[in-house]
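> One predicted model, sequence on top.
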Number of protein chains: 2
Amino acid sequence: MNIGIIGGGAIGLLCASYLSQHHDITVLTRRKEQAEEIRTSGLKRTVKGETFRASVKARAGITGVFDLLIVTVKYHHLQEVLDGLSTLPRQRILFLQNGMAHLLDLENWDTSHSIYIGVVEHGAMKVSDHAVNHTGIGVIKWGAFHPEDTAAVRNALNETPAQFQMIYTDEWKKVLEEKLLVNVCINPLTALLHVKNGELIANPAYEYMMKCAFEEALSILGLAEKERLWSHVVSICKKTAANQSSMLQDIVKGRETERKAIVGYLLKKAQAQEITAPHLTFFNRSLEVLEKKQTKSFE
Amino acid sequence: MNIGIIGGGAIGLLCASYLSQHHDITVLTRRKEQAEEIRTSGLKRTVKGETFRASVKARAGITGVFDLLIVTVKYHHLQEVLDGLSTLPRQRILFLQNGMAHLLDLENWDTSHSIYIGVVEHGAMKVSDHAVNHTGIGVIKWGAFHPEDTAAVRNALNETPAQFQMIYTDEWKKVLEEKLLVNVCINPLTALLHVKNGELIANPAYEYMMKCAFEEALSILGLAEKERLWSHVVSICKKTAANQSSMLQDIVKGRETERKAIVGYLLKKAQAQEITAPHLTFFNRSLEVLEKKQTKSFE
C-alpha cells in the first residue's frame, strides 16, 4: 500500500520505519528541515541494541492521496491536522492518538473520509529528527470508527514485520479505555514525582496514590473487572519498570504534555456525570504548574 | 533591651522594625551589602497601606553580646547559625523557626546559652533588603526551651507595639505543633498547585487533598481535638485567603523551601512510629521536583 504518515515524532518514525518493509511510505512532517533530514539520512531505528535503516519519502505539510493515512501527532496538535485533512480528497485515515479525547473531536468532524482508530502498545523514544529507539515491543490494535467493510485494509496491514503487528479488533473502544486507564495511572505520577515507571510499585506511598487515581478513573469510565484491571496496571509498571513515561519525557524535555488528552478528558467526563475526582483534579493542576514552570510569575 | 536579630528575611526585618520602637536593635545579616543597605536606608515597613521607617544598627556576621538574640533564619540555614552562636559568650537566644525540626537540633546542641522558642503568627513578605510588608497581623508566642526564670525577658518583651505582641506561654510546644499542622496543610499544597491560600477551601478537590494531609499529620503528631483543629486550619485559610504562603513565595522566587522543616520532619516522625503517610510522601517528593526544577535532567 501507499501509506502516508502524518507526524515525525517517536510513533510516526516507528511506524514509518517498520511499515516501509512492506509498503511505500511517505512521512508528512510539520517542519521542512525534518522532511529534508529524513530524505537525505533515511530512518534509523534501534531495537534491542540492533540498528536498522530504512529509506522513505518525506515532505512537509498535509497533501496527497494515499491508500491509507496514519495520523501520529499528539492530541494537542490534532485540530490543525484535522483542518489540513479536511482539504484532501476522500481517503482512509487511521488515528493513533493517546487518550480518548480525540474521539469527541472525530465525532464532531463533518467529513467523508473513512476513519479508523488505533491503540499503540509500543514504547518508543525519539532520538533525533530521523532516529527512534523502539524501547518496548507491543502491537497496534485498530478498528473502524464507523462500521464499514475493512477487508482491504485488514489484508494489507496483515503484512507487517513480527515486531510491529497491527491487529484488527471490533473491541477497539474497550482497548482504548484500558490504555487510558493505564496512562492515567502511570503518566501523571511519574511526571510529578520524576521517577521511572517501576518506582510507582516499588514505593508503597506512590502505589497508594496510583491506586487513588485508578479508583477515580475506573468509576469515571464505568469499568468493571476492578481486580483484573489493577493487576494489568501493576504488570505494565513491572514490564516497563526502567522506562520513562511519555509524560515524564515531555516534562524533562520542556514539551507540552498529553495532560489534556488523558487527565483532562477524564475530568470532563467526571464533571458531566457529577463524579468527584479529587486526586485527578490535584494531579491535573500540579502537572499544569510543572508544565508551565510558573516559577517566576504568579497569575 | 539590647537586642540582636540574626537574619534579614521577612521575619527578621519585621522583628527589627517593630522592636526598635522600644529596644536597641542590631540586625546581623549574612551579606555585607544588606547590612550596608539597612544602615544607610533604614528599615521600611508597610502595614495596611501605611509606611513606617525605623533606624537600626546592622552588621554582617554573628558577633557581639546582647540582652537577647533572636534567630529568624530558615531551618536550612540554622546549622551554620548554631556554629556561629557556639563561639559567642553565654547569652539568651530566642529561636523563631517554622516547623519543629529545629527542636531536634537544639536538643542535640551542647551549649550553655539560655534557649527560648517562639512561634510567629504574622504574615510578612520581604520587598527589598531593607523593606518588608506586614501582610497579616498576629502575635509571637514564646517560652523557655529548658525551665528557667524568664521574668526579666518577659518584662522587657511586654514592651512591644500593639501590632507586634510577644506573648509568653508555657504551652509553646502545643502552639508549635498546631502551627506545624496548619503549615503542612497549607504550604505544600499552595506551592504545588500555585494557588493562594483561599483557593484550598474554595475548590472541593483541593480541600479534600488538604484533609488527607491533615489526617496524616494529626496522626503523626498524636493530636486529639480533630474537629477543633480542622476548623482552625480552615479559618486560617479564610483569614489569609488572598495571601501567598511562604512556600509558594519560595517556589515562585526560586528559593529553597522549608519542605524539610515541615513535611520532612513529619515524615521522619511517621517512619519512627511506623505510620504510613502516602499523601505527605507524595507532596514531599513532588515539592522536591518543583524545587529542583529538574526539567532538564533525569537522575
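Yep, that arrived.

> In chain A, where is pLDDT below threshold?
A:293-299 (pLDDT under 70).

> Ramachandran angles for the most centrally placed residue in it?
Ranked by distance to the mean C-alpha position of chain A (CA atoms, centre = their mean), the top residue is A:Asn98 at 3.4 Å. Backbone torsions of A:Asn98, given as degrees, to the nearest 10, read phi -80, psi 160.

> excluding its backbone neighbours, what's nearest it?
A:Glu258 (5.3 Å; CB to CB, 6 or more residues apart in numbering or on different chains). In short, each C-beta sits where N, CA and C put it, glycine included.

> quick one, phi psi at that neighbour?
According to degrees, to the nearest 10, A:Glu258 has phi -90, psi 30.

> Near it, how many other residues are there?
Neighbourhood size, A:Glu258 [other CB atoms under 10 Å in any protein chain shown]: 24.

> A:Met247 is in contact with that one, correct?
Yes: here A:Glu258 lies in contact with A:Met247, judged by CB atoms under 8 Å, at a distance of 6.3 Å.

> Mind listing the shared neighbours of those two?
Counting by CB atoms under 8 Å, 6 or more residues apart in numbering or on different chains, the contacts common to A:Glu258 and A:Met247 are A:Asn187.

> Now do the buried residues in the top helix by length along chain A.
Criterion DSSP state H: the longest helix present in chain A is helix A:172-193. Using 16 or more other CB atoms under 10 Å in any protein chain shown as the test for burial, helix A:172-193 gives A:172, A:175-193.

> and those residues near chain B, which?
A:192-193 (CB under 8 Å from any CB of the partner chain).

> any idea of the angle the longest helix of chain A forms with helix B:172-193?
130 degrees (axes from the mean of the first three to the mean of the last three CA atoms, to 10 degrees).

> What segments of the stretch 101-250 of chain A are strands?
A:114-120, A:123-128, A:131-136, A:139-144, A:165-168 (DSSP state E, counting those that start in this stretch).

> helix or strand for A:Gly84, which one?
Per DSSP states H and E: A:Gly84 is located in helix A:78-86.

> Contacts for that helix next, please.
Outside helix A:78-86, the residues touching it (CB under 8 Å, 6+ apart) are A:6-7, A:61-62, A:69, A:71, A:73, A:93, A:97, A:102, A:105, A:109, A:111, A:113.

> show me which of those residues neighbour chain B.
Among those, chain B is touched by none when using CB under 8 Å from any CB.

> I would like a ChimeraX command selecting only the buried ones among these, please.
Buried residues among the contacts of helix A:78-86 (16+ other CB under 10 Å), as a ChimeraX selection:
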select /A:6,7,62,69,71,73,93,97,102,113
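
> Compile the contacts of helix A:78-86 into TSV and extend it with columns for distance to A:Glu37.
Below are the contacts of helix A:78-86 laid out as TSV (distance: CB to CB, whole Å):
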residue	distance to A:Glu37
A:Ile6	17
A:Gly7	15
A:Gly61	16
A:Ile62	19
A:Leu69	22
A:Val71	21
A:Val73	18
A:Ile93	25
A:Gln97	25
A:His102	28
A:Asp105	30
A:Trp109	31
A:Thr111	31
A:His113	29
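
> and A:Val233, what is it in contact with?
Taking CB under 8 Å, 6+ apart as the test, what A:Val233 contacts is A:181-182, A:185-186, A:210, A:214.

> Please list the residues of the stretch 51-200 of chain A that sit near chain B.
A:192-195.

> ok, A:Ile62 touching A:Ile5?
No: contact criterion CB under 8 Å: A:Ile62 and A:Ile5 do not qualify, at 11.2 Å.

> Could you work out the end-to-end span of stretch A:268-288 for me?
End-to-end distance of stretch A:268-288 (CA to CA, to the nearest Å): 16 Å.

> what residues does that stretch touch?
By CB under 8 Å, 6+ apart, stretch A:268-288 touches A:184, A:188-189, A:191-192, A:209, A:212-213, A:216-217, A:219-221, A:247, A:257, A:259, A:263-264, A:266-267, B:192-195, B:203-206, B:208-209, B:286.

> and it, which residues are buried?
Those would be A:269-270, A:277-288, for stretch A:268-288 by 16+ other CB under 10 Å.

> Next: stretch A:2-16.
A:3-16.

> Around the spatially closest residue to A:Asp105 that is not a sequence neighbour, how many other residues sit close by?
Ranked by CB to CB, 6+ apart and with sequence neighbours excluded, the top spatial neighbour of A:Asp105 is A:Leu78, at 6.3 Å. A:Leu78: 18 surrounding residues under other CB under 10 Å.

> A:His232 too?
Other residues close to A:His232 by other CB under 10 Å number 15.

> residues touching it, list them.
A:His232 makes contact with A:178, A:182, according to CB under 8 Å, 6+ apart.

> at 7 Å what do you get?
A:Glu178 (CB atoms under 7 Å, 6 or more residues apart in numbering or on different chains).

> ditto for the one 5 residues further on
Applying CB under 7 Å, 6+ apart, one finds that A:Cys237 lies in contact with A:186, A:197-198, A:200-201.

> go with 10 Å
A:182, A:185-186, A:190, A:196-202, A:206-207, A:210, A:243, A:245 (CB atoms under 10 Å, 6 or more residues apart in numbering or on different chains).

> Skip the chain neighbours and tell me the closest residue to it.
A:Ile201 (4.7 Å).

> Kindly report the same for A:Val184.
Nearest one to A:Val184, counting by CB to CB, 6+ apart, is A:Ala217 at 4.8 Å.

> Name all residues that make contact with the residue nearest to A:Asn98.
Per CB under 10 Å, 6+ apart, neighbours of A:Glu258: A:74-76, A:97-99, A:101, A:183, A:187-188, A:191, A:246-247, A:250, A:264-265.

> now do 8 Å
Shown in contact with A:Glu258 (CB under 8 Å, 6+ apart): A:74-76, A:98-99, A:183, A:187, A:246-247, A:250.

> which of those residues count as buried?
For the contacts of A:Glu258, buried by 16+ other CB under 10 Å: A:74-76, A:98-99, A:183, A:187, A:246-247, A:250.

> Which of those sits closest to A:His22?
Nearest to A:His22, judged by CB to CB, of those is A:Asn98 at 25.5 Å.

> what inclination does the helix or strand harbouring A:Lys269 have with respect to helix A:172-193?
Here A:Lys269 sits within helix A:265-272, counting by DSSP H and E. Computed with the same axes, to 10 degrees, the direction of helix A:265-272 lies at 110 degrees from that of helix A:172-193.

> Show me how far helix A:265-272 is from its chain's centre.
The chain centroid and the centroid of helix A:265-272 are separated by 20 Å under CA atoms, centre = their mean, to the nearest Å.

> With stretch A:110-126 instead?
In terms of CA atoms, centre = their mean, the centre of stretch A:110-126 is set 8 Å apart from its chain centre.

> same check, this time on stretch A:275-295
For stretch A:275-295, the distance to the chain centre is 21 Å (CA atoms, centre = their mean).

> Ok, stretch A:90-97 next?
The answer for stretch A:90-97 is 14 Å, by CA atoms, centre = their mean.

> ditto for stretch A:4-15
With CA atoms, centre = their mean, you get 11 Å for stretch A:4-15.

> Perfect, I'm done here.
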